[in-house]
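Q: have a look at this prediction, sequence included:
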Amino acid sequence: MNDSNFCKMIHMKRTLCHKYKLAKNGMSESGKAFDRLDEAAPANFKTEWLAKERITQSSRIQDPVAMDVYEINIKKGKQKEIELRLLEDGNAHNAAPSHRSVATWISMGLAIEEAQIALLIEVQQIGRRPTETQRLDITQQCNHLQGQIDRFTQSALTYLGDGYDADDDPDNLNIDILNDLNDDPADFTQTLET
């Protein structure tokens, strides 16, 4: 125990100097980001925000609820609502079915990613020794998911244009969940990150 504390004390100077340099660089970057935000905000909002801040700071000790002004109020929209709004804005009604909207294509990609995550969770819950029924179910889900991935990558050329590079072979995007059923789940999550 004493050796550990001694080592911490010896390396403290180097660590503190390193953290100080990072903090100093971070201050200048944060200042630049704040200046950009400050320039972009309308003047009437700035005065309103300053007034709210003064009131909040003066009454925060007596009434902690006054600090709720600092809470972030972002209205979270559902994926379908956002897609519908983008489709309506993109004049998708007059477009050909294959060129409807980039929003639909992006939504397809997000749905595929969600399905991959759900399948990964299911495989991890099954464990190392799945039954034949479980393997069959996973195989069917993999086949369905692979079909979605193939259609998605083929349609990428439509939305991304000629500059799209899918490693020279968009048909080569395979999911390798079946091979990993007998592996350790930690190995499987490591292969997904790479």
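A: Thanks, I have it.
Q: what residues does stretch 61-73 touch?
A: Stretch 61-73 is touched from outside by 52-53, 55-56, 59-60, with contacts defined as CB atoms under 8 Å, 6 or more residues apart in numbering. C-betas here are computed from N, CA, C, even on glycine.
Q: and if you look at stretch 30-43?
A: The set of residues that contact stretch 30-43 without belonging to it, under CB under 8 Å, 6+ apart, is Lys46.
Q: 10 Å - rerun?
A: Stretch 30-43 has contacts (CB atoms under 10 Å, 6 or more residues apart in numbering) with 23, 46, 48-49.
Q: quick revisit: quick check, nearest of the contacts of stretch 61-73 to Asp150?
A: Within these, distances to Asp150 taken as CB to CB reach their minimum at Lys52, with 52.8 Å.
Q: contacts only, for that closest one.
A: Taking CB under 10 Å, 6+ apart as the test, what Lys52 contacts is 66, 69-70.
Q: mind doing that once more with 6 Å?
A: In this structure, Lys52 makes contact with Val69, judged by CB atoms under 6 Å, 6 or more residues apart in numbering.
Q: that one is in what secondary structure piece?
A: Following DSSP states H and E, one finds Lys52 within helix 43-59.
Q: identify each buried residue in that helix, please.
A: Burial within helix 43-59, assessed by neighbour count using 16 or more other CB atoms under 10 Å, is assigned to no residue.
Q: quick revisit: okay if I get the contacts of stretch 61-73 as CSV plus pLDDT and distance to Phe6?
A: Formatted as CSV, the entries for the contacts of stretch 61-73 read as follows, by pLDDT from 0 to 100; distance: CB to CB, whole Å:
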residue, pLDDT, distance to Phe6
Lys52, 89, 50
Glu53, 90, 46
Ile55, 91, 51
Thr56, 90, 46
Ser59, 90, 49
Arg60, 86, 43
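Q: is it possible to get CSV of those that adds distance to Ser4?
A: Written out in CSV, the entries for those read as follows (distance: CB to CB, whole Å):
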residue, distance to Ser4
Lys52, 48
Glu53, 44
Ile55, 49
Thr56, 44
Ser59, 46
Arg60, 41
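Q: so which of those comes closest to Leu110?
A: Nearest to Leu110 among the contacts of stretch 61-73: Lys52, at 36.0 Å, using CB to CB.
Q: just the buried residues of the lengthiest helix in the chain, please?
A: The helix that spans the most residues within the chain, counting by DSSP state H, is helix 2-40. For helix 2-40, burial by neighbour count (16+ other CB under 10 Å) applies to no residue.
Q: now do stretch 102-114
A: With the criterion 16+ other CB under 10 Å, stretch 102-114 contains buried residues 103-105, 107, 109, 112.
Q: quick one: which of those residues sit in strands?
A: With DSSP state E as the criterion, strands contain none of those.
Q: where helices are concerned, which of those count?
A: Among these, DSSP H puts 103-105, 107, 109, 112 in helices.
Q: averaged pLDDT, stretch 123-138. What do you get?
A: Taken as a whole, stretch 123-138 has a mean pLDDT of 88.
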